[in-house]
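Asker: 3D model of this:
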Amino acid sequence: MNKSILKHEIRSMKWMILLSILASLFLTIMFSTTLDSRYINIFSNGIYLNEALIQSVLRDINEMTLVIFTALSIIQIFMQFRSEKSQETGRFLKSLPVKKEEFFKIKLSTGLINLSLAFIVLAIGLIIVRANNMFWIKDIHSISYSSKAFIKADSAISLLKELGLIYLVVLSFYTFLFMVQYSFSNVVGGIVTGILVWLAPIFIVTSSMYTLDRLSFIGIYNSPLVVSLLNFGRWLLPWSYVLDRDYNVLPYETNSTQISIISSLGIKYTIALLLILINIIIAYKFNKSSKVENENKIIVFKSIRKIFIFGVTICSGLLVSTILHDIIMIQIPTIIYSILILLGGFIGYWISQKITKVGNI
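Answerer: Modelled structure (predicted):
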């Protein structure tokens, strides 16, 4: 690994590293403050015997953790690629006697290490806060009618499992944006497109379902197809993995104790890991296939330009359908509704064609 390139990358990321660690410390303080408020609340409202306290407080900050680290991932991508995407700096870097693969490895490694370091700091902070509060949490669990269930739910292992899922979801999002950057010549355009593509699958499934219902192809309230689409749709957006919880009974308890835990944790871990791996492999292929003569094109690869046009066309038509169905909510004849969807698709096609032609000679 080229040490000079590594030093340059670390130097450009030092403020990002500091920001990530500060975010972890902030979340740790929020976790501690929420637990302290629960402890103080006992003296005014009494004890609720049957509650997984650590899980309950962790659930309160999970969404904040996901939002903060998603934002940090976006900022980090911008910081990593902004100098490389400027023509002067980009040409200078390409003129250096360093292989593209070396740049790729260093950039990816520093990005992953930064996010991983932030989550390690967060994990250590949460475990310390948990340990400092176990003196009163254990007392509450000891008088619960299902103490073993709540003790297990509030264990350090359970805490790390949930935090681990957030970590993998954030990494899958980060590596996805990282991969998209190698198919776009503009860093902001790549970020915006990456976010929209990340959201596109769940949007296409849900909006298609309402569109088909409006066009009388399916009955939305009693069709098995709709149920299958809804069940399938929840797997298309990894961000929702953290929020998708079930009330499960821990197996060794005889009482019907219900504890809110993240459902299908093993499957979600596997999907997130596969996404990370696939994103890195595709990014590596894109980096290896990139050519200097394509640096002026908004979208570097011809195949990606075709996918971009197709995706924008479909999503534009479905966006019109969603606006008519959920926002305007007016009753119009089916034929006019269909024409408006086609018109939206055509506008999307026209705009995407214009975008993909930028830089083409």
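Asker: now stretch 309-329 - C-alpha only, CSV.
Answerer: The C-alpha trace of stretch 309-329 is given here as CSV (Å, rounded to 0.1, in the frame of the first residue of the first chain):
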residue,chain,number,x,y,z
ILE,A,309,-32.7,6.2,-18.5
PHE,A,310,-35.0,3.2,-17.9
GLY,A,311,-35.1,3.7,-14.1
VAL,A,312,-35.9,7.4,-14.4
THR,A,313,-38.6,6.7,-17.0
ILE,A,314,-40.3,4.1,-14.8
CYS,A,315,-40.0,6.1,-11.6
SER,A,316,-41.3,9.3,-13.2
GLY,A,317,-44.4,7.6,-14.3
LEU,A,318,-44.9,6.0,-10.9
LEU,A,319,-44.2,9.4,-9.2
VAL,A,320,-47.1,10.9,-11.2
SER,A,321,-49.3,8.0,-10.0
THR,A,322,-48.3,8.5,-6.4
ILE,A,323,-49.0,12.3,-6.6
LEU,A,324,-52.4,11.7,-8.0
HIS,A,325,-53.2,8.9,-5.5
ASP,A,326,-51.8,10.2,-2.2
ILE,A,327,-51.4,14.0,-2.6
ILE,A,328,-53.9,15.5,-5.0
MET,A,329,-56.5,12.7,-4.5
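Asker: and that stretch, what's buried?
Answerer: Residues 309, 311-322, 324-325 are the ones in stretch 309-329 that count as buried (16 or more other C-beta atoms under 10 Å). Every C-beta, even on glycine, is put in place using the N, C-alpha and C of the backbone.
Asker: ok, so of those, who is nearest residue 212?
Answerer: The closest of the buried residues of stretch 309-329 to residue 212 turns out to be residue 321 (C-beta to C-beta; 9.6 Å).
Asker: residue 40: neighbour count?
Answerer: By other C-beta atoms under 10 Å, the residues close to residue 40 number 10.
Asker: A helix includes it, no?
Answerer: Yes: assessed by DSSP: H, G, I helix; E, B strand; the rest coil, residue 40 belongs to a helix.
Asker: what about the buried residues of stretch 309-329, which are in helices?
Answerer: Within the buried residues of stretch 309-329, residues falling in helices by DSSP state H are 309, 311-322.
Asker: now do residue 266, the pLDDT please.
Answerer: Note on residue 266: pLDDT of 85.
Asker: actually residue 114, not the one I typed
Answerer: You'll see residue 114 listed with a pLDDT of 92.
Asker: try residue 26
Answerer: 95.
Asker: count the residues that sit near it.
Answerer: Number of residues near residue 26 (other C-beta under 10 Å) recorded here: 14.
Asker: secondary structure element for it, which one?
Answerer: If you go by DSSP states H and E, residue 26 is part of helix 3-45.
Asker: nearest residue to residue 268 other than its sequence neighbours?
Answerer: Excluding the flanking residues, the one nearest residue 268 by C-beta to C-beta, 6 or more residues apart in numbering is residue 241, at 4.5 Å.
Asker: re earlier: from the ones in helices among the buried residues of stretch 309-329, pick the one nearest residue 287.
Answerer: Taking C-beta to C-beta as the measure, residue 287 lies nearest residue 311 of these, at 22.1 Å.
Asker: pretty sure the closest one sits against residue 199.
Answerer: No: the pair residue 311 / residue 199 is not scored as a contact, 11.5 Å apart, by C-beta atoms under 8 Å.
Asker: could I get the full set of helices for this structure?
Answerer: Counting by DSSP H, one finds helices in the chain at the ranges 3-45, 53-85, 87-95, 100-142, 147-153, 156-181, 187-214, 224-233, 265-289, 302-322, 334-356.
Asker: need the winner for burial among these.
Answerer: helix 156-181 (a mean of 21; mean count of other C-beta atoms under 10 Å).
Asker: elements contacting it?
Answerer: Helices and strands touching helix 156-181, as assessed by 3 or more C-beta pairs under 8 Å, 6 or more residues apart in numbering; DSSP states H and E, comprise helix 53-85, helix 100-142, helix 187-214, strand 259-262, helix 265-289.
Asker: quick one: mean pLDDT over it.
Answerer: Averaging pLDDT along helix 156-181 yields 92.
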